[in-house]
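this one's sequence-less:
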């Protein structure tokens, strides 16, 4: 790293024609890794520098995307290494806030002998984790099975999940003095219209969740995933031979 | 057959296990051991959560301590809250005292009390009229600060940064003038090493370096170095060491 060409923040803004607001926004979104911000003291005081080639390439890509896609789609581009084929090291996952080992175990998602987990399972876990705040254990488990089914059909990518939402519904059934409650999990595109007695407990936007998962992975694996392509395999996972 | 999610309330002294609940309220002294998942958590007495806390709505009007991460859609602190882990919420409103030893990330942050953060604060909109102490970077698209006490932060970065005393708007009302008088009596001031943004307006601010496109320095500022690319205006009552156009 030491011999790399560095470029100051001022120069980046000027050369790429971007604003401070954009740069800080992209940093918050995890599109520019924390490790690229290098603090140095200069004769004018503290300044921030970046590895030149990387930042120029990255910002170029971010700017290219901006016209056609929503900013959030960038997450997809930046974290494209983290695709369905790439396995994610369990160890890295443990650093993520939505990772929950008990939940993983109860869904039958386990570490394989290489200590990795597929993106599909990662998405599943993130959704279930979110659902846990509002649902019962067996509902979480039901959601897990439904989600697996859906993903098995379409695969994990943004286009397949776009606009799809997972809903948890409950309905009270009463008759002959007995009352029971049923839980229903639905994955649907667009707005869901159900009978008025059905109560909607929680809804999770799957495409948004996938983006979040990818961004989180890119952030947490930081230097591994998005930084050095060379160390990518050891750091963050390995190709799955299919 | 299915186990209903329960609501629980502790009004004396009590200890409950973590897990999934519908509503949890602590009005006496209570401890939740383990991870907590709930739609709502209200702490109006003295409460403590020893695991992760993931809830939809969280309000603290008493004292609360969270020993791990807090994830919520809405977090309101009007009492005293302390978090020993990262905080990830959609909306954070603090009119009491909030301490976090790690980073805070929230779309909207409003501080009218006191905020102490060991790490960074990331938001889309950050509004403060109280005091704060942020050890890392305060980064948001829009930052509006009316310093009501001591406001210390290492770095500030964003698109629009506006720091001004109460009542320095165009038509000060009675309340504004009162607050203004009070805030100067308290010596409300922002201290930062570095402030970077596209549009910056500062009053009552001490900073080593200010960098931006359009910068206006209002009264009562002491700035070491200003680097601007489009425009710069400096008030007579402020002190600027060095200024350069880049």
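Received, thanks. Please read these numbers as outputs of a predicted model, since none were measured by experiment. Residues are numbered from 1 along each chain as shown, chains lettered A, B, ... in the order given.

distance between stretch B:203-222 and the chain's centre?
Remark: stretch B:203-222 is offset 21 Å from the chain centroid, using Cα atoms, centre = their mean, to the nearest Å.

is that stretch anywhere near chain A?
Yes: using Cβ under 8 Å from any Cβ of the partner chain, stretch B:203-222 comes into contact with chain A via B:208-209, B:211-213. (Glycine included, C-beta is placed from N, CA and C.)

in stretch A:185-195, which residues are buried?
Neighbour-count burial for stretch A:185-195 flags A:185-187 (criterion: 16 or more other Cβ atoms under 10 Å in any protein chain shown).

sort out for me which of these are in strands.
Using DSSP state E, A:185-187 are the members of these that sit in strands.

now, among those, which is nearest to chain B?
Using Cβ to the nearest Cβ, residue A:185 comes nearest to chain B of these, at 13.8 Å.

wait, isn't that closest one in contact with residue A:168?
Yes: with contacts counted by Cβ atoms under 8 Å, residue A:185 reaches residue A:168, the gap being 6.0 Å.

tell me, what's touching these two both at once?
A:139, A:143 (Cβ atoms under 8 Å, 6 or more residues apart in numbering or on different chains).

give me the nearest residue to residue B:14, chain neighbours excluded.
Among residues not flanking residue B:14 along the chain, residue B:30 sits closest, at 5.0 Å (Cβ to Cβ, 6 or more residues apart in numbering or on different chains).

three-state assignment of the residue of chain A found nearest chain B?
Per Cβ to the nearest Cβ, residue A:21 is where chain A lies closest to chain B, at 2.6 Å. What DSSP: H, G, I helix; E, B strand; the rest coil gives for residue A:21 is helix.

low-confidence regions, chain A specifically.
A:1-4, A:44, A:65-102, A:105-118, A:154-160, A:215-242 (pLDDT under 70).

how about the residues of it near chain B?
For chain A, the residues in contact with chain B (Cβ under 8 Å from any Cβ) are A:9-10, A:14, A:19-25, A:27-28, A:44-46, A:97, A:129, A:132-138, A:180-181, A:183.

show me which of those residues are buried.
Neighbour counting by 16+ other Cβ under 10 Å classes A:9-10, A:19-25, A:27-28, A:97, A:129, A:132-136, A:183 among those as buried.

name whatever forms a beta bridge with residue B:160.
Beta-bridge pairing for residue B:160 (DSSP bridges): residue B:142, residue B:199.

how does chain A divide into domains?
Residue ranges for each domain of chain A read A:1-71, A:88-162+A:206-213, as given by automatic domain parsing.

contacting residues around stretch B:236-243?
Contacts to stretch B:236-243, defined as Cβ under 8 Å, 6+ apart, come from residues B:217-228, B:232, B:234.

of those residues, closest to chain A?
The closest of those to chain A turns out to be residue B:225 (Cβ to the nearest Cβ; 5.8 Å).

pairing partners for the helix or strand hosting that closest one, with directions?
Taking DSSP states H and E as the definition, residue B:225 sits inside strand B:222-234. If you go by DSSP bridges, strand B:222-234 pairs up with strand B:205-217 (parallel), strand B:239-245 (parallel).

right, so those strands: which one is the most enclosed?
Mean neighbour count (mean count of other Cβ atoms under 10 Å in any protein chain shown) peaks for strand B:205-217 among those, with a mean of 22.

so for it, what's the average pLDDT?
Strand B:205-217 carries an average pLDDT of 94.

who's in contact with it?
Applying Cβ under 8 Å, 6+ apart, the contact partners of strand B:205-217 are A:10, A:19-20, A:44-46, B:161, B:163, B:189-202, B:220-235, B:238, B:240.

for the residue of chain A closest to chain B, give its distance to residue B:107.
For residue A:21, the distance to residue B:107 equals 16 Å [Cβ to Cβ, to the nearest Å].

what does residue B:189 give?
Separation of residue B:189 from residue B:107 (Cβ to Cβ) stands at 27 Å.

neighbour count: these two, which is higher?
Between residue B:189 and residue B:107, counted using other Cβ atoms under 10 Å in any protein chain shown, residue B:189 has the larger neighbour count: 22 against 15.

tell me the bridge partners for the nearest residue to residue B:234 once chain neighbours are set aside.
Of all residues not flanking residue B:234 in the chain, residue B:217 sits nearest, at 4.5 Å (Cβ to Cβ, 6+ apart). Residue B:217 has these beta-bridge partners by DSSP bridges: residue B:202, residue B:234.

what's the answer for the one 5 residues further on, then?
Note on residue B:222: beta-bridge partners residue B:206, residue B:239, judged by DSSP bridges.

for it, the count of nearby residues, please.
16.

so what's it up against?
Per Cβ under 8 Å, 6+ apart, neighbours of residue B:222: B:205-207, B:238-239.

identify, from those, the entry nearest to chain A.
residue B:207 (10.6 Å).

what's across from the closest residue in space to residue B:63 that isn't next to it in sequence in the sheet?
In space, residue B:63 comes closest to residue B:80 once its chain neighbours are excluded; the distance is 4.5 Å by Cβ to Cβ, 6+ apart. Per DSSP bridges, the residues bridged to residue B:80 are residue B:63, residue B:97.

number of nearby residues for residue B:80?
The local packing of residue B:80 (other Cβ under 10 Å) involves 19 other residues.

now do the buried residues in stretch B:217-232.
Buried residues in stretch B:217-232 (16+ other Cβ under 10 Å): B:217-218, B:220-229, B:232.
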